[in-house]
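Undergrad: Sequence and computational prediction follow.
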Amino acid sequence: MTRADLGKDPDQVSAMFDRVAARYDRTNNVLSVGNAPLWRVATTKAVAPRAGERILDVAAGTGTSSASLAKSGASVVAADFSPGMIEVGRRRQAGMPNIVFVEADATKLPFGDDEFDAVTISFGLRNVNEPKLALAEFFRVAKPGGRLVICEFSHPPTGVVRAGYHAYQRYVMPPLVKLSSSNDTAYEYLNESINAWPDQRTLAGWIRDAGWVDVEWRNLSMGIVALHRARKPVVE
């Protein structure tokens, strides 16, 4: 098995990411046409990390997003269920003492209640087989008043952009993947998972149903990506 399918069996998804770990960041930069660093900057600004805070970065992969958060002085737990990604991440982020890598399933996080000032996940929630359960887990481990930031592929609201993006997925992405990835068949799943993922409003509803409040989103790159934010309420 070189790729997962939309059943999103955790073992298959983990094994798929193990196989692409070494060239994952480079492939993302190529496929995003250079937008991946801009999305990361937007996500870091939305999380607004501060020195002394404890932040959970779920589906952290090789820790690129975690490193961006850790530059603030915050203590970052980089969680991922792919051992291959964690291995690469520990090596690449060895110079960041305030990042700790932990192998973890987003639906069964190995942390106590109310531990983190912020929880964030970038381009990982759609790979979870039970995303609603993951959102509930994020809520559980966040402190009262804690922040949630989700950066994920979404659905452009305008027809022209949607048509152009679908053309890119169909005709441009496959040859780029062959050039940049060590496992091009795994990226067939990428398009399938993006197209099957719910739109911005639906995801916002899932977040509210998990208990989060002040839920809002904004589109990045004309809605190809959406940034959702929310807060865990403080119980008086």
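TA: Structure received. Numbering: from 1, shown residues only.
Undergrad: Helices of this structure, start to end?
TA: 10-20, 24-31, 36-47, 64-70, 83-92, 131-141, 159-167, 173-180, 186-196, 200-209 (DSSP state H).
Undergrad: Output the contacting helices and strands for the shortest one.
TA: With contacts taken as 3 or more Cβ pairs under 8 Å, 6 or more residues apart in numbering; DSSP states H and E, helix 64-70 sits against helix 36-47, strand 54-58, strand 75-80, strand 99-103, strand 116-122. C-beta coordinates here come from the backbone N, C-alpha and C atoms, glycine included.
Undergrad: contacts for the second one?
TA: Applying Cβ atoms under 8 Å, 6 or more residues apart in numbering, the contact partners of strand 54-58 are 47, 49, 63, 65-66, 69, 74-80, 104, 106, 109, 111, 115-122, 124, 134, 138, 141.
Undergrad: hmm, back to that, and the helices of the chain: which comes nearest Pro233?
TA: helix 131-141 (9.8 Å; Cβ to Cβ).
Undergrad: starting at the chain centroid, how far to the closest one?
TA: Centroid separation for helix 131-141 versus its chain: 14 Å, with Cα atoms, centre = their mean, to the nearest Å.
Undergrad: State the mean pLDDT of that helix.
TA: Over the span of helix 131-141, the pLDDT mean works out to 98.
Undergrad: Helix 200-209 and that helix, what's the angle between them?
TA: On the basis of axes from the mean of the first three to the mean of the last three Cα atoms, to 10 degrees, helix 131-141 is oriented at 50 degrees to helix 200-209.
Undergrad: Please identify the buried residues of helix 131-141?
TA: For helix 131-141, a neighbour-count test (16 or more other Cβ atoms under 10 Å) marks 131, 134-141 as buried.
Undergrad: same question, stretch 221-236
TA: 221, 223-232.
Undergrad: re the thing from before, switch the helices of the chain over to CSV; also include distance to Leu148.
TA: Below are those laid out as CSV (distance: least, Cβ to Cβ, whole Å):
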stretch, distance to Leu148
helix 10-20, 22
helix 24-31, 22
helix 36-47, 9
helix 64-70, 14
helix 83-92, 22
helix 131-141, 6
helix 159-167, 26
helix 173-180, 29
helix 186-196, 21
helix 200-209, 7
